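[1] Give me coordinates for this.
(2 chains)
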Amino acid sequence: EAGVTQFPSHSVIEKGQTVTLRCDPISGHDNLYWYRRVMGKEIKFLLHFVKESKQDESGMPNNRFLAERTGGTYSTLKVQPAELEDSGVYFCASSSTVNYGYTFGSGTRLTVV
Amino acid sequence: DQQVKQNSPSLSVQEGRISILNCDYTNSMFDYFLWYKKYPAEGPTFLISISSIKDKNEDGRFTVFLNKSAKHLSLHIVPSQPGDSAVYFCAASEFSGNTPLVFGKGTRLSVIA
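    I've put the predicted structure just below:
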């Protein structure tokens, strides 16, 4: 089976611009998570979807971040407008059951200059 | 305030010897712990987990030990192989895995041939 796919793998944008990250989970996985790793720091939770509903968005840093999962399939994470501190690697993960060692994608490395 | 701490940023071990990676946590509500392995430009890969009702879980060359009273867990890899060289993340969750994972900063393991 195909793994979790994230696009793009890298993105370099200027401060103030908008960027949209996409995640395609493993087919049939109802749970989808977004995490972020800022350089040298821990991987931090952003939010959790169950199908198309936001189960937990307590980790979203501020209202410049908007996540959607229309139809309960792929998800997008939009950052608008991007700030320098948004730079990092954004990971998506999916699972059929909650947590229990879910599968991560390769991540999108976002650089805001 | 870090709830999951991996105090060793790096570790070097000779091939064939034992690698011991340590992790401490502060939240007494954590009851499910996982180890992830990460290669460059890839997402974290689930390695092994342990529930708080156990103090040891073994899977091939990998064993995780949990000391609840000390709020400490460790991952033992024996024998270590060059392919084990990667960054290892400790993660924890509450309510038997039904809350988002909280990660440590990771330990970079280098296995020297």
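[2] hey, where'd the strands end up in chain A?
    A:5-7, A:10-13, A:19-24, A:31-37, A:43-50, A:53-56, A:65-68, A:75-79, A:88-95, A:103-104, A:108-112 (DSSP state E).
[3] Throw those strands into TSV and include mean pLDDT, thanks.
    Formatted as TSV, the strands of chain A follow (pLDDT from 0 to 100):
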stretch	mean pLDDT
strand A:5-7	97
strand A:10-13	98
strand A:19-24	98
strand A:31-37	95
strand A:43-50	95
strand A:53-56	93
strand A:65-68	97
strand A:75-79	98
strand A:88-95	95
strand A:103-104	92
strand A:108-112	97
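[4] count of neighbours near the nearest residue to A:T70 once chain neighbours are set aside?
    Leaving aside its sequence neighbours, A:T70 sits nearest to A:E52 (CB to CB, 6 or more residues apart in numbering or on different chains; 6.4 Å). Glycine gets a C-beta too; all of them are placed from N, C-alpha and C. Other residues within reach of A:E52, judged by other CB atoms under 10 Å in any protein chain shown, total 14.
[5] can you tell me which residues contact A:E52?
    When the contact criterion is CB atoms under 8 Å, 6 or more residues apart in numbering or on different chains, the partners of A:E52 are A:R69, A:T70, A:G71, A:G72.
[6] Mind putting the strands of chain A into TSV with distance to chain B and mean neighbour count?
    What follows is these, written out as TSV (distance: least, CB to the nearest CB, whole Å; neighbours: other CB atoms under 10 Å in any protein chain shown):
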stretch	distance to chain B	mean neighbour count
strand A:5-7	8	17
strand A:10-13	10	15
strand A:19-24	11	19
strand A:31-37	7	24
strand A:43-50	4	21
strand A:53-56	6	14
strand A:65-68	14	16
strand A:75-79	15	20
strand A:88-95	5	23
strand A:103-104	3	20
strand A:108-112	9	19
